[in-house]
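predicted model and sequence below, questions to follow.
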Amino acid sequence: MNVNAELDTISLVLVYSAMAVYTLAFISYALDLARRSADKPAKIDGLVATDAGGAPAARSSSVGAAIGTASTATVARTTAAERRGEGAGRAVREGREKGSPSLKVGFSLTVLGFLIHLAADVLRGIAAGRVPWANMYEFSLTMTLIIVGVFIAVQVKQDLRFLGTFVIGLSVLILGVSTVGFYVSVIPLPPALQSPWLVIHVFVASLATGFLALGFALSIVQLLQYRRELLSLELQAVKLRFLRSLPSAERLENLAYRLNIVGFIFWTFTLIAGAVWAERAWGRYWGWDTKEVWTFIVWVLYAGYIHARATRGWRGNRSAWLAIIGFSAILFNYTVVNLFFKGLHAYSGL
Amino acid sequence: MQPSRPSDYVDAGARGLADPDDERSSSDPRRTDAESSGRGDITQPKLGLVGWLRFAWRQLTSMRTALLLLLLLAVAAVPGSLVPQRTSDPNGVVQYKADHPELFPVLDGLQMFDVYSSVWFSSIYLLLFISLIGCIIPRTRHHWQALRARPPRTPARLQRLAGYRNSVSDADPQTAIAEAGALLRQLGYRVERYDSEARGAATYSVSAERGYLRETGNLVFHAAMVGVLFAVGIISGFGYNGQKVIVEGQSFTNVLAGYDSFNPGRFFDESSLTPYTITLDSFDAQYGIDQTTGAAVPLDYEAHLTTKVRGEEPIEANAKVNEPLHIAGNNAYLLGNGYAPVVTVYDSSGEVAFSQAVPFLPQDGNLTSLGVVKVPDAVPEQLGLVGFFYPWAVEQHSGAYASAHPQPGDPLLTFNVFSGDLGINEGIPRSVYALDTDGMTPVAGGEADAAAIELRPGERVELPDGLGAVEFTELKRFVSLDIHHDPTQLWVLIFSVLVVGGLAAALFVPRRRLWVKATVAADARTTLEYAGLARGEDPTLDQAVEDLAARHEAELESRSKR
């Protein structure tokens, strides 16, 4: 067994360790969500309850002034609740340390898992002597790393730790399937992949996926929150209670939008970088290869999403559905297209 | 990107807060958007032909139609990934026809094998682009006006606006407003001063606007999309591409007859081919080993070429995967390679009836390759040979051969030989890679009495019945080059860069107005009011107003201390 194979083995052990830590983080996040449906809302903090009458948010005078003022021209449906949400975000930034113990434990474990995951990914790269995203296994490893990385990074600007169950759950699932189903030992890079564009194209695609995954999760919560907001106060007390400590549907929609447009830019870049590379490697920049088709479909769906946000009657739930369909297409592109469709992107290594 | 449509994007109905000069917010009774379509009892004036055309045009250029066309485009692109396409996978289409003989004509009638050039796919994207153009032209005009306009008059009641805050200062109102104006200018705002006097109370204010780049980016993005379509749709017509297999030691000349296959663009003119030659001097392939499976994996392919453009000195050049050869405005891509054994066939009279390097098509990763030799000049009967080439032949338990490695460690050539009519005299085009053996008699191998012939380099085997002999004279390699002339590339690249740049500006540059107003209160102190208005998505507007107020107050503070 040579050195590289040993490094690869260590990398694999680290991947399993990261998965174990992530699983614990997942449990903590799930406990946190369960706590949020517990009886005493006073204990739930970190994010201000939408149905708490806005009282906590009104602490800041600017927010208090904003309540009851008219909406801006842009966000035609911007409501007082939305303003409270904005204020709540600020209140959260001020009180960063807030959050249930299980949420804090979950987030700490996420960071720990991320570091182990990072080490695993770097070791795999060293073992291979190139960037660790040249086949399905390596791509899954790096993509989940970036999804978790983006999740950790956005917390600086916005407390989205409540998405932990989704993000970590998705990552553990992908890692699990990849280690069991997609694992291949290090093999040299085929000539078609020997290009600097491998570094750029695939990395940016993963980055886009990271942002769009968070946007997807927010859109799902948004739809749930919307359903909850339609309920009567009595029903709200018993149904979908874990959502009560989360931002309003309007606020969730705006957060999702901000993540999705970042993801969309990266996706656009991925598409163009892929075209430039395709020109070098295959002699044409666009040839409706199956993977190209699906990258295009995803791009068009998110373009539709952005337009929907600016179209009367399409804001809110409809645009959220588009974001959800868009991300589903990404998952389809990554799984079914990679594994079962015939095409030039046949680099899964399986 | 979001406020791209004149009639029904969400800003359009936000009256009162919209500009008085903003005609986009004027409502059109014929418009059927989500809000007005619910009320069916509006008596509409009779529409003449022009009216109907205007109506159709407004419908087409409305945001909702654009959105639906976008979604339709996404859905319409799906089938092309489910069934093979003639452009990207022609062999797949042939296979599909063989596998689904009944379904094939139905799908073919629906243009399912040419989805991306089909009538229905084209009409969707053409409608989309017409809708887009119908939108960007008026918006460009409007934006051009906005770019030269001054920020609008300060609204009377700022407290209705976003991020409103007020404070009391001892500074002189005029100084305070001048200071605010300077500050805003420093922050990149376009600033206009509006002072008024009503009922004896003087009001001083600045109105500031920034983020014109947002709409500029938006328009650049959409115009660049049209540019991409134009480049692909029109300029590509001047391009061409062709394929050529070149065996070591042989040359290719860039004339129409020099290509094995050739796809001209719509406006292609044969005289646009620059005459040049490409000679394949040698071909190198390097292989590594997959540690787990032990299989050979390719590491590097390199074609060593000599190129010569007419009237110039010959140049040595290389082509690799990912590193095409550039020559006379063309790119030559190394897309395939394989073995081309030189086969010599002697006929019954002992004359050389055939002696050529025959490219064998690789069938697997170890380059087990399939090839056909047609000898029309053999006497007394034409000869056809179908066989396999194994670069590193290994005999399996079944007695069949396989190749163990793509390098020529132990090259072996096997042939089944047929005699009879090759069927190439009737003028029907036949593939050089297929042999129709229907009218031929097996001579060796297969159903023939004699075994298939096996040859190692340099060996010669006599055919049964004195039909002649076959010799494996020499082993050469071949490459297959894709030669492209694509005049769209540069244009598409330029437009793509504009797409990304425009998109980034359109999505991330906040377009906003800020106002600072100073009035003298009853106690002779100055009341300062701050407020903003978002034009497009602007999540940080409140923060911007807050920051401005804080900076302004700090400036006034330090000024009063001086």
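Great, that's in hand.

interface residues of the stretch 151-300 of chain B facing chain A?
Counting by CB under 8 Å from any CB of the partner chain, the residues of the stretch 151-300 of chain B close to chain A are B:159-165, B:232, B:241, B:288, B:290-292, B:297-300. Any C-beta I mention is one placed from the backbone N, CA and C, and that applies to glycine too.

from those residues, keep the buried residues only.
B:161-165, B:232, B:241, B:290-291, B:297-298, B:300 (16 or more other CB atoms under 10 Å in any protein chain shown).

put the alpha carbons of stretch B:483-501 into CSV.
Presented in CSV, the C-alpha positions along stretch B:483-501 are these (Å, rounded to 0.1, in the frame of the first residue of the first chain):
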residue,chain,number,x,y,z
ILE,B,483,-11.8,20.7,-37.1
HIS,B,484,-14.0,23.7,-36.3
HIS,B,485,-14.4,27.2,-37.5
ASP,B,486,-16.7,28.9,-35.1
PRO,B,487,-17.0,32.7,-35.6
THR,B,488,-19.5,32.9,-32.8
GLN,B,489,-17.1,32.1,-30.0
LEU,B,490,-15.7,35.5,-29.3
TRP,B,491,-19.2,37.1,-29.5
VAL,B,492,-20.7,34.6,-27.2
LEU,B,493,-17.9,35.1,-24.8
ILE,B,494,-18.2,38.8,-24.8
PHE,B,495,-22.0,38.6,-24.3
SER,B,496,-21.5,36.0,-21.6
VAL,B,497,-19.2,38.3,-19.7
LEU,B,498,-21.9,41.1,-20.1
VAL,B,499,-24.5,38.6,-18.9
VAL,B,500,-22.7,37.9,-15.6
GLY,B,501,-21.7,41.6,-15.1
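
other residues contacting it?
A:265, A:268-269, A:272, A:275-276, A:279, A:283-285, B:217, B:220-221, B:223-225, B:227-228, B:231-232, B:235-236, B:238-244, B:254, B:259, B:272, B:329-333 (CB atoms under 8 Å, 6 or more residues apart in numbering or on different chains).

from those, which land in helices?
A:265, A:268-269, A:272, A:275-276, A:279, B:217, B:220-221, B:223-225, B:227-228, B:231-232 (DSSP state H).

what about B:E316, helix or strand, and which?
Per DSSP states H and E: B:E316 is located in strand B:315-320.

swap in B:V499?
Assigned by DSSP H and E, B:V499 belongs to helix B:489-508.

just checking, which helix or strand succeeds that helix along the chain?
strand B:512-520.

for that following strand, packing partners?
helix B:173-186, strand B:201-210, strand B:526-534, helix B:541-561 (3 or more CB pairs under 8 Å, 6 or more residues apart in numbering or on different chains; DSSP states H and E).

who are the packing partners of the last one?
The reference is to helix B:541-561. By 3+ CB pairs under 8 Å, 6+ apart, helix B:541-561 packs against helix A:61-66, strand B:162-169, helix B:173-186, strand B:512-520, strand B:526-534.

excluding chain neighbours, what is closest to B:K97?
Excluding its sequence neighbours, the residue lying closest to B:K97 (CB to CB, 6 or more residues apart in numbering or on different chains) is B:F104, at 4.6 Å.

from B:M112, how far out is that neighbour?
Going from B:F104 to B:M112 by CB to CB, to the nearest Å gives 9 Å.

just B:Q85 next, same as before
Taken as CB to CB, the span from B:Q85 to B:M112 is 9 Å.

more neighbours: which of those two?
B:Q85 (23 against 20; other CB atoms under 10 Å in any protein chain shown).

my guess is that one contacts B:L107, does it?
No. Contact between B:Q85 and B:L107 fails when scored by CB atoms under 8 Å: they sit 11.5 Å apart.

give me the common contacts of these two.
Joint contacts of B:Q85 and B:L107 (CB under 8 Å, 6+ apart) are B:F113.

could I get the pLDDT score of the closest residue to chain B within chain A?
Going by CB to the nearest CB, chain B is nearest to A:G313 of chain A, at 2.7 Å. pLDDT recorded at A:G313 is 85.

likewise for the one 4 residues further on?
Confidence per residue is given as pLDDT, and for A:N317 that number is 91.

run a quick neighbour tally on residue 212.
I went with chain A, as the question did not name one. 27.

um, chain B though
For B:Y212, using other CB under 10 Å, the count is 17.

that one against B:R148, yeah?
No. Here B:Y212 does not reach B:R148: they are 10.3 Å apart, not a contact under CB under 8 Å.

low pLDDT regions in chain B?
B:1-45, B:199-200, B:426-430, B:562 (pLDDT under 70).

show me it divided up by domain.
B:49-137, B:150-211+B:510-560, B:240-485 (automatic domain parsing).

could you tell me the end-to-end distance of the second one?
Pointing back at domain B:150-211+B:510-560 there. Domain B:150-211+B:510-560 has its terminal residues 31 Å apart, counting by CA to CA, to the nearest Å.

re earlier: how much space is there between the residue of chain A closest to chain B and B:R535?
Distance from A:G313 to B:R535, by CB to CB: 21 Å.

close to chain B: what parts of the stretch 101-250 of chain A are there?
Close to chain B, as judged by CB under 8 Å from any CB, the stretch 101-250 of chain A has residues A:184-192, A:194-195.

with neighbour count, secondary structure and pLDDT added, can I get those residues in TSV?
TSV is the format used below for these (neighbours: other CB atoms under 10 Å in any protein chain shown; DSSP: H, G, I helix; E, B strand; the rest coil; pLDDT from 0 to 100):
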residue	neighbour count	secondary structure	pLDDT
A:V184	17	coil	86
A:S185	17	coil	84
A:V186	25	coil	84
A:I187	18	coil	81
A:P188	21	coil	81
A:L189	22	coil	84
A:P190	19	coil	84
A:P191	21	helix	86
A:A192	20	helix	84
A:Q194	19	coil	87
A:S195	18	coil	89
